[in-house]
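Student: just the structure for this:
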Amino acid sequence: MEKTRRIQTLKENHLFSRAYRKGRCFSGKYIALYVLKNTREKNLNKIGITVSKSRGNAVKRNRAKRIIREAYRVFHPFIKEGYIFVIVARQPCVEAHVSVVVSELEELLSKAALL
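Tutor: Model (predicted):
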């Protein structure tokens, strides 16, 4: 079940908006996870990461995105296919360690029954 493909990212705003509107939300202390079934590409997962400007300057926001991307990369081979994920960083995520975010993402994915 090893996936060697590159992680596909969301780039269109309408997909982010649809995930916020129609997707299921699972939230924790560090991140919030929005999950929506991918109707167009049923065998492909797409991920979008957002960090609000209120979370800090560009350096802090990019660090939060790198941490979340790494946490997703750990579980990428084990996640069910055919979903759109939007991960929103909360304020504690900016100062958090990678291992904490990894464990929370695992908890949220298992709560969503996607592992």
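
Student: tell me which helix or strand in this structure has the weakest average pLDDT.
Tutor: Lowest by mean pLDDT, DSSP states H and E among the helices and strands of the chain is strand 8-9, with a mean of 92.

Student: so which elements touch that one?
Tutor: Applying 3 or more C-beta pairs under 8 Å, 6 or more residues apart in numbering; DSSP states H and E, we find strand 8-9 packed against strand 46-50. From N, CA and C alone the C-beta is placed, and that goes for glycine too.

Student: partners of the strand it packs on, with directions?
Tutor: For strand 46-50, the paired strands and their directions (DSSP bridges) read strand 8-9 (parallel), strand 83-89 (parallel).

Student: going by mean pLDDT, which of these comes out lowest?
Tutor: Least confident of the strands paired with strand 46-50, judged by mean pLDDT, is strand 8-9 with a mean of 92.

Student: poorly predicted segments of this protein, please.
Tutor: 1-4 (pLDDT under 70).

Student: any idea what the residue nearest the centre of the chain is bridged to?
Tutor: Computing the C-alpha centroid of the chain and ranking residues by C-alpha atoms, centre = their mean puts residue 87 first, at 3.3 Å. When bridges are called by DSSP bridges, residue 87 pairs up with residue 33, residue 49.
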